[in-house]
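Trainee: Task: produce atomic coordinates for the following.
(chains A and B)
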Number of protein chains: 2
Amino acid sequence: MASTAEAEIEALRKLVVQQGDLVRDMKSKGATKQELAKAVAELKLRKAALDEKEALLSPPEPVFNRTAFDKVMKRRFFWTPSFQIYNGVAGLYDYGPTGCAIKANLLSLWRSHFVFEEQMLEVDCSMLTIEPVLKASGHVARFTDLLVSDVQDSTQCFRADHLLEAHLEKLIAANQDPSLLPEYQKVLTELDNFSKEEIGGYMRKYGVRAPETGHELTDPVEFNLMFPTSIGPNSLIKGYLRPETAQGIFVNFRKLLDFNNNKLPFAAAQIGSSFRNEISPRAGLLRVREFTMAEIEHFVHPEKKDHPKFASVADLGVLLYSREDQLSGRNPSRVKLGDAIKNGTIDNQTLGYFIGRIYLFMTKIGIKDAKLRFRQHMPNEMAHYASDCWDAECKTSFGWVECIGCADRSAYDLSQHSEASGTTLNAQLTLDTPVIEEYIDVLPDASAFGKLFRKDAEGILKYLRDLQVNNPCQLEELSKKLEADKKINLSLILEFNDKGKIEKAVSGDGPGSKQFEIPANLLQLKPSKREVFVKDYTPNVIEPSFGIGRIIYSLLEHNFSTPDDGKPQKEKAPAAKGKAPADDDDKDCILSLPACIAPYKCVILPLSNNPDLVKLAKTAADAFNAMDVSYKVDDSSASIGRRYARTDEIGVPFGVTIDFDTVKNSSVTLRERDSKGQVRLSMTEAAETVKRLANNTLTWADVLAKFPKFEGQQQA
Amino acid sequence: MASTAEAEIEALRKLVVQQGDLVRDMKSKGATKQELAKAVAELKLRKAALDEKEALLSPPEPVFNRTAFDKVMKRRFFWTPSFQIYNGVAGLYDYGPTGCAIKANLLSLWRSHFVFEEQMLEVDCSMLTIEPVLKASGHVARFTDLLVSDVQDSTQCFRADHLLEAHLEKLIAANQDPSLLPEYQKVLTELDNFSKEEIGGYMRKYGVRAPETGHELTDPVEFNLMFPTSIGPNSLIKGYLRPETAQGIFVNFRKLLDFNNNKLPFAAAQIGSSFRNEISPRAGLLRVREFTMAEIEHFVHPEKKDHPKFASVADLGVLLYSREDQLSGRNPSRVKLGDAIKNGTIDNQTLGYFIGRIYLFMTKIGIKDAKLRFRQHMPNEMAHYASDCWDAECKTSFGWVECIGCADRSAYDLSQHSEASGTTLNAQLTLDTPVIEEYIDVLPDASAFGKLFRKDAEGILKYLRDLQVNNPCQLEELSKKLEADKKINLSLILEFNDKGKIEKAVSGDGPGSKQFEIPANLLQLKPSKREVFVKDYTPNVIEPSFGIGRIIYSLLEHNFSTPDDGKPQKEKAPAAKGKAPADDDDKDCILSLPACIAPYKCVILPLSNNPDLVKLAKTAADAFNAMDVSYKVDDSSASIGRRYARTDEIGVPFGVTIDFDTVKNSSVTLRERDSKGQVRLSMTEAAETVKRLANNTLTWADVLAKFPKFEGQQQA
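Mentor: Residues are numbered from 1 along each chain as shown, chains lettered A, B, ... in the order given. Down below sits the predicted model:
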């Protein structure tokens, strides 16, 4: 039987490979994004069939106990829906003390690992963003989802693709006409790439209706996901809450370059909140309306993407799921980053270096190596300007979740803002050997030109000289026109500062523009040659962008375990009489967070509520304060075992017990969460030891070697 | 002459004291807030006259060189107006790398000093806030400023009080009719307390017009300062950007209390952004539309406001400017906090403890002791529910700036949310000796009651039993009515959860309400007595609230100096030929920030750009990375002195120089910014030494004692 199954698998894999070849072929022949998307959807369908067959032959994967997990997260206040006493609102969450401490630790580690280590320039920019910035970035026009609403009740709104998806899943499950299954599945897989009209068409075709009322639905319309607001009174200045932090870096590019002594490459970074007005958020913490991001924009010369520190990550074996893997039906495989660069899987060393640094960061904070993969974007997923893009995905009970995007965005962002703002966002490269360059020289008859155009003269010349740098082709055309017509006409928008100096000169014929006719006798636009030592260029940007909430969620799932994990269902502890067994799912769970990320590094437990012990617990707390190590005191009357269980559940890695020997000689017991091993040492030694364990300058093995083992009454 | 002046001063002081006595008297006789405000305004006027006279006799205060300061802040990218390449918008600022690092350090120190030290429960809540929350807090109704606009151009809006103020200042300066001066001054001082109608009246009286156009102005209208937005599609859910972080803590009170094992007192804390849509922001970084706050809500029993750790701050001498000082024309004076509690100046130990902790924090991060005072609110400034309130104010070139508010807000916030949400936000006190309490017992005829009201029965009983706790008087009235009329009528809004269990039962007759007539034969509301061991109460809250941007601004001013500081104007270096002297103001400035807050702890400087030295600078950088100490490498070709000057200007406290001896024996020079003293030590010693200097476990004197002094070519 095995061999029959293997043959089937081989056949299915062949189908995948065929389709992959087709996609490659289409891509090389310049197929449209839409066409590619359809071919990729078919590819995914074939891959899904292959995966399903393969799964039948593999041992079943352990099931994650999400019920127990959710209960612990709620009970121990990792997070909660916001404004719950007012019945809340979907997509907004508050972090409680445990979640908040984890988040603060994560951001602090992120800052050390990325900002300090690479000498990045960190900024902290406004969330309120004026409209022109987000017009230039493309968000005003394109940051949309498709919305449908109940024709009889316009307050009932839905995401069109989500409704269609749910409807098709229902049709597939019902399976009334098996011959239609392939079609349903095909539509399902192509969903992400449908146009507004296609989604609308399928919704009509399959009779999708409003979920609760069963009413008909409107045609899909584009809904912009940014939260609009206005700045100042009378709705004068239109603005949005930023949908990402990156734009704040781009608009400050010139100042950052200046701060960096005009040297490239350099990276800027920002940690901050962003906002997306999801139509109907689902999936809890994974799809929210307000979230923290950490973004890096690494600016680099387009042809100099090697990285001086790449060697430090070249030997890391990272789970890569390359475009080629996806096109060939292969599973992700562990590849050394050095090899991935050598064989061209990853486009350049800088991108590869960031993938390596991300891998090191994620595993340091507790993301499980086997549940972290880097998936390369398929041809249809990437923006037209991007040259390569990899998502760091974490496996959770919701499937593989995109936590970090790592994209080479070429010169797109700086070019867009350069054009829209009229401010050149360039860097300069000093050439090793100077080159001869042809250019159009702008040569006015200064005094006559000034006399005719007065204060605008400077603006017209600024406009023409900016063209020299940013759009030499257009300047060449103007030169030809001037030659042919003996004049040129310009329509410009000029802005001056308080002192009457020209600040901005762009072409445009909206309100505030002025018309100028420049006769050939006042201006020469003369093709010339010059020796060039320095070359202007628009830097490319490589952007690792971290979704902090998703990383925290994945981290917590990866480190959560219940006592029943790994046991087959039937072996689970029998339910107590009259009690549903589910109620017990969340007992004695452990959150095995690494010390560096744990919300508290240590719990301090007086053995009983004897006043001497409680007082000594305060002394111990002072020792931890002095060391700046976070801790929690639990002097409740619960048994020591119960109190350890409580702290295990929130991931506290170490515990200090105060007992009657402490009264005699100030010694305490230090316990490690995962091994449950204990040693005996002095109170100050305990605080210092925990500090060093938490910042990774000491291991538990070191501690066991240094201090006497303890096996007393505190054993949980 | 001096004695004449002294006599004048004495006379002026007497006038202040008289008015102070009047205010006290009015207060004790229950004058209205409005009446008090006017009396206080007169008091301030008299105090200003006294101060002016006193200033004439004191040596002139050194003038802060704001021009030089602003230039350095801009050039070294501490902050910048947001979106400047798009001409920006008033009231929004971005922090550059230096400002951002200072902010990150400040927040991290804040977390250690307050959250860790006091075991506070830190939370991180949504900025987007649904309307009911801000209705309950009073912000929807009362968080307003008065707005006037140009009658011919409604896009020109102004803050009414600002225009009136500027107009009066102009009238006073012009001084056309000296007999009117006292009136102008009086209006100016009372400005903050005028009603909409009064402001409008004075604007008409004095003919205030639009500043640039000279057009007439509309009457003042109330403008809400919150940024409105809507959550979800179709503007379904009305929301605002939060104007403060505190509400997120209040709405989560029950979960926090539960997390704290139902023990009080405890404090919750939150660091986050808040938003205020100022009508026309001025004063740069001090009045902005988006800002970071750090807020603490310390929940405590109303009659148990002693603090166990008060003794640790009792001996601190803090500059207090009490209400009594202000009423008596006295200047602020340095008072021991223990004494301020003993003589009742500060209302309670918990408030006093926080004032002490704030003082320690502010001086630790570099706020100058002499420029930090705690000013108590005057009777007219405090909200009606507040029992005491002190502002930590920092002296800057803009005057005394409120940076931190520290208020005892009594039970106001929890009561408001309790009432609005229908969720009891109480704590329980276990009594030392049980007491006998009268109460109204709710006794339904269970089966008949259930039969009549079916699934609503549980809701009606919940409502009545909630009244037992929250509003016993009303329950008593219902009891009397039931006795008299043999029935009661209720109009309730009931909400059930998915399983049909009652979640919320509040009185109301809006949409969704239901009417119930309950006959006396189905329900007894019986006056009863019981022995009570535990008592419900609404905790009071003491709220220290920090404006992070204002603290950063004050900190930078306090630590900024130019080489000309202290020199009389005429002694300043003469201007170079053809150069305005102002251009040189910003050279060789020093920012003497404490190491703990400095943006970088160390600069690494290779003596020249010799490749060996540059390479060793990288080795030194690695040593600092390994120690997790922030640093900056400056390997530009500027002289070592110039490069030190650059880092002095951004407050870097230590510098490491790599020279040719480093090539030989790995030793480096370590320099301290303020003394310019230097020692010689190994590279790893340097990194460790800087780390310990930065976290205050080592002083520069210790370093001088430990390592050989160095006086070589690196001397700046």
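
Trainee: mind showing which ranges of chain A have poor pLDDT?
Mentor: Across chain A, residues meeting the criterion (pLDDT under 70) sit at A:1-2, A:283, A:566-586, A:712-716.

Trainee: So which other helices or strands are in contact with the lengthiest helix in it?
Mentor: Among all segments of chain A classified by DSSP state H, the helix with the greatest residue count is helix A:2-28. Packing contacts for helix A:2-28, counted by 3 or more Cβ pairs under 8 Å, 6 or more residues apart in numbering or on different chains; DSSP states H and E, involve helix A:33-57, helix A:323-328. Every C-beta, even on glycine, is put in place using the N, C-alpha and C of the backbone.

Trainee: nearest to chain B, of those?
Mentor: Ranking the helices and strands packed on helix A:2-28 by their distance to chain B (criterion: Cβ to the nearest Cβ) puts helix A:33-57 first, at 25.7 Å.

Trainee: rewinding a little: need the winner for burial among the helices and strands packed on helix A:2-28.
Mentor: When the helices and strands packed on helix A:2-28 are scored by mean count of other Cβ atoms under 10 Å in any protein chain shown, the highest mean neighbour count falls to helix A:323-328 (a mean of 19).

Trainee: so A:K514 makes contact with A:D456?
Mentor: Yes: here A:K514 reaches A:D456: they are 6.7 Å apart, a contact under Cβ atoms under 8 Å.

Trainee: so what's in contact with those two at the same time?
Mentor: Common neighbours of A:K514 and A:D456 are listed as A:L494 (criterion: Cβ atoms under 8 Å, 6 or more residues apart in numbering or on different chains).

Trainee: residues touching A:T684, list them.
Mentor: Taking Cβ under 8 Å, 6+ apart as the definition, contacts of A:T684 comprise A:A623.

Trainee: that older thread, buried sites along the longest helix of chain A?
Mentor: A:8-9, A:12-13, A:15-17, A:19-20, A:22-24, A:26-27 (16 or more other Cβ atoms under 10 Å in any protein chain shown).

Trainee: what's the answer for stretch A:303-319, then?
Mentor: Applying 16+ other Cβ under 10 Å to stretch A:303-319 flags A:K305, A:H307, A:F310, A:V313, A:A314, A:L316, A:V318, A:L319 as buried.

Trainee: what's the answer for stretch A:613-626, then?
Mentor: Taking 16+ other Cβ under 10 Å as the neighbour-count basis, stretch A:613-626 is seen to contain the buried residues A:L613, A:L616, A:A617, A:A620, A:A621, A:A623, A:F624, A:N625.

Trainee: so how far is B:A314 from the last one?
Mentor: Just to be clear, that refers to A:N625. As judged by Cβ to Cβ, to the nearest Å, A:N625 and B:A314 stand 19 Å apart.

Trainee: do the same with A:T80
Mentor: Relative to B:A314, A:T80 is positioned 39 Å away (criterion: Cβ to Cβ).

Trainee: One more: A:L556?
Mentor: When Cβ to Cβ is the yardstick, A:L556 and B:A314 sit 43 Å from each other.

Trainee: and what of A:L121?
Mentor: Using Cβ to Cβ, one obtains 45 Å as the distance from A:L121 to B:A314.

Trainee: nearest residue to the most centrally placed residue in chain A other than its sequence neighbours?
Mentor: Centre of chain A computed as the mean C-alpha position; nearest residue by Cα atoms, centre = their mean is A:F546, 3.1 Å away. Distance criterion Cβ to Cβ, 6 or more residues apart in numbering or on different chains; nearest residue to A:F546, sequence neighbours excluded, is A:A294 at 4.3 Å.

Trainee: Give me the neighbour count for A:S675.
Mentor: A count of nearby residues for A:S675, using other Cβ atoms under 10 Å in any protein chain shown, gives 10.

Trainee: follow-up on the earlier one: ok, and which of the buried residues of stretch A:613-626 reach chain B?
Mentor: Here is what survives when these are matched to chain B using Cβ under 8 Å from any Cβ of the partner chain: A:A621, A:N625.

Trainee: and which of the buried residues of stretch A:613-626 is nearest to A:N380?
Mentor: Distances from A:N380 to these, taken as Cβ to Cβ, are shortest for A:F624 (53.7 Å).

Trainee: Now the closest one: closest residue in space, sequence neighbours ignored.
Mentor: A:Y631 (4.5 Å).

Trainee: My read is that that neighbour contacts A:V603, right?
Mentor: Yes: with the criterion set as Cβ under 8 Å, A:Y631 and A:V603 qualify as a contacting pair; they are 6.8 Å apart.

Trainee: Mutual contacts of these two, please.
Mentor: Common neighbours of A:Y631 and A:V603, using Cβ under 8 Å, 6+ apart, do not exist here.

Trainee: Return the member of the buried residues of stretch A:303-319 nearest to B:R643.
Mentor: Set against B:R643, the nearest of these by Cβ to Cβ is A:H307 (26.5 Å).

Trainee: Would you confirm that A:A520 contacts A:K481?
Mentor: No: here A:A520 does not reach A:K481: they are 9.9 Å apart, not a contact under Cβ under 8 Å.

Trainee: Tell me who's in contact with A:G88.
Mentor: A:G88 makes contacts with A:P81, A:S82, B:I130, as judged by Cβ under 8 Å, 6+ apart.

Trainee: residue contacts, the second one?
Mentor: Contacts for A:S82 were tallied using Cβ under 8 Å, 6+ apart; they are A:G88, A:V89, A:L92, A:Y93, A:D94, B:C125, B:S126, B:G248, B:V251.

Trainee: Starting from B:L15, give me the distance back to A:L50.
Mentor: Between A:L50 and B:L15 the computed distance is 93 Å (Cβ to Cβ).

Trainee: Could you do A:F449 as well?
Mentor: Distance of A:F449 to B:L15, given as Cβ to Cβ: 68 Å.

Trainee: cool, and A:D661?
Mentor: Noted for A:D661: a distance of 70 Å to B:L15, by Cβ to Cβ.

Trainee: Would you mind listing what in the stretch 301-450 of chain A touches chain B?
Mentor: On the criterion Cβ under 8 Å from any Cβ, chain B has as its neighbours in the stretch 301-450 of chain A the residues A:H417, A:A420, A:S421, A:T423, A:L425.
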